[in-house]
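J.: sequence and predicted structure below; questions after.
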Amino acid sequence: MGQCYGKTIPTGDDDKAGAEATTVPAVEGDLPTPTPGRSKNTPAQSSARNPWPSPYPHGGASPLPVGVSPSPARSTPRRFFKRPFPPPSPAKHIKASLARRFGHAKPREGPIPEDGSTEADQSLDKNFGYNNNFGAKYELGKEVGRGHFGHTCQAKGRKGELTDQPLAVKIISKAKV
Ligand SMILES: Nc1ncnc2c1ncn2[C@@H]1O[C@H](COP(=O)(O)OP(=O)(O)OP(=O)(O)O)[C@@H](O)[C@H]1O
């Protein structure tokens, strides 16, 4: 536990070194410092005692010409970020549960009933716009605000049960419907 051992890489110097240990225990707090000339017995260019062996096959001798730094592409393993299969789409599960519940995959269009009534009970009023006699029914006042689709005006009923009732009329431009 807590110990790791450097991998032994056979080098040409190993043959010369004979039975000398080539695996260096690396204990935390007891790391050997590869300082040249630290010990009298340590040769300056020895790779047999190097605690961090070179990844190159010839024991640290670079196969590149002098002055050319090794490309990281040679030593770094290739990484593949692309997954072999794309993750499953959550839409498929939603579609499947909708199909199970309603018997068809497409959700029904239109507003969701808030009072618990079914769609058959009430039909969507698609009569946009106002009648020609809008002016006869309502008295349009000043603008009270604006939204994304149009603007809202004060109004008052002229006829029927809405007579003199304060109303708000939202005027939506046809281009945005
Ligand atoms: N009944 C109302 N009484 C008083 N003021 C209102 C009334 N309805 C709308 N307004 C005013 O008009 C403004 C715009 O309302 P409107 O409904 O046109 O826009 P919205 O709903 O915010 O946006 P969108 O056009 O995207 O629906 C509101 O912010 C509010 O100030």
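T.: Perfect, thanks for sending it.
J.: low pLDDT regions in this protein?
T.: Scanning the chain for pLDDT under 70 picks out 1-50, 53-75, 78-84, 86-87, 104-131.
J.: quick check: domain ranges of it?
T.: With domains defined by automatic domain parsing, the chain comprises 1-58, 134-176.
J.: can you tell me how far Phe134 is from the ligand?
T.: Phe134 is 17 Å from the ligand, where distance means Cβ to the nearest ligand atom, to the nearest Å. The way it works is simple: take the backbone N, C-alpha and C, and place the C-beta from them, glycine included.
J.: tally of neighbours for that residue?
T.: If you count neighbours by other Cβ atoms under 10 Å, Phe134 ends up with 12.
J.: so what's the backbone phi/psi at it?
T.: For Phe134, the backbone dihedrals (degrees, to the nearest 10) come out as phi -60, psi -40.
J.: residue numbering should commence at 19 henceforth.
T.: In the new count, where the first residue is 19, that last one comes out as Phe152.
J.: would you agree Ile190 is in contact with Phe167?
T.: Yes: between Ile190 and Phe167 there is a contact under Cβ atoms under 8 Å: 4.8 Å.
J.: of the two, who's got more company?
T.: When Ile190 and Phe167 are compared for neighbours, Ile190 comes out ahead with 15 against 12, by other Cβ under 10 Å.
J.: roughly how far apart are that one and Lys174?
T.: Distance, Ile190 to Lys174, using Cβ to Cβ, to the nearest Å: 20 Å.
J.: and for Val162?
T.: Relative to Lys174, and taking Cβ to Cβ, Val162 is found at 13 Å.
J.: right, I'll leave it there.
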